[in-house]
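Undergrad: Pasting the sequence and the predicted model now:
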Amino acid sequence: MMARKLAQIVLGGYALSVLLETPVLLAGLSPVHSWRRRVFAGLWLNACSYPLLILVMPYVIDPAVAPKAYVFVGEVAVALLESMLFWLAFDRDQGYPRRYVARDMVTVVLANVTSYLL
């Protein structure tokens, strides 16, 4: 039963994160990325980072003991991870202008901020 409850929490949180972050990616990523890639990024980046935040971070920082530290470290780690993954998958070695790459990184971070604030 506990595994089922944990799966519901993880899947529900993942779905909510995708619903909050994907519109930011749709609106903010540089024009070199198709709409399909933007939607995929919303699904994929969250699939990579959300389980780490929910399943791994509590073993690094106990949210019951230090909730502010847990949220701060977790959100910074997720933003860095997702930015790195996006860059590796879509921007690296493409020859895109630096302003586009910078825009993409800022957009990924803003998407994470959006899900944190809401």
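TA: Sure thing, it's come through.

Undergrad: In contact with residue 20, which residues are there?
TA: Residues in contact with residue 20 (Cβ atoms under 8 Å, 6 or more residues apart in numbering) are 111, 114, 115, 118. Just so you know, the C-beta spots here come from the backbone N, C-alpha and C atoms, and that holds for glycine as well.

Undergrad: Emit the PyMOL select command for whichever of those are buried.
TA: Only the buried entries of the contacts of residue 20 go into this PyMOL selection, using 16 or more other Cβ atoms under 10 Å:
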select buried, resi 111+114+115
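
Undergrad: Tell me the one of the contacts of residue 20 nearest residue 95?
TA: Here the nearest of the contacts of residue 20 to residue 95, counting by Cβ to Cβ, is residue 111; it sits at 24.3 Å.

Undergrad: Now do the contacts for that closest one.
TA: For residue 111, the contact set (Cβ under 8 Å, 6+ apart) comprises 20, 21, 22, 24, 25, 28, 42, 82.

Undergrad: Against residue 64, how distant is it?
TA: The gap separating residue 111 from residue 64 is 28 Å, by Cβ to Cβ, to the nearest Å.

Undergrad: mind listing which of the contacts of residue 20 are in helices?
TA: 111, 114, 115 (DSSP state H).

Undergrad: and which of the residues you listed is nearest to residue 52?
TA: Closest to residue 52, out of all of the ones in helices among the contacts of residue 20 and judged by Cβ to Cβ, is residue 115, at 14.3 Å.

Undergrad: pLDDT at the residue lying closest to that closest one once chain neighbours are set aside, what is it?
TA: Excluding its sequence neighbours, the residue lying closest to residue 115 (Cβ to Cβ, 6 or more residues apart in numbering) is residue 20, at 4.3 Å. What the model reports as pLDDT for residue 20 is 96.
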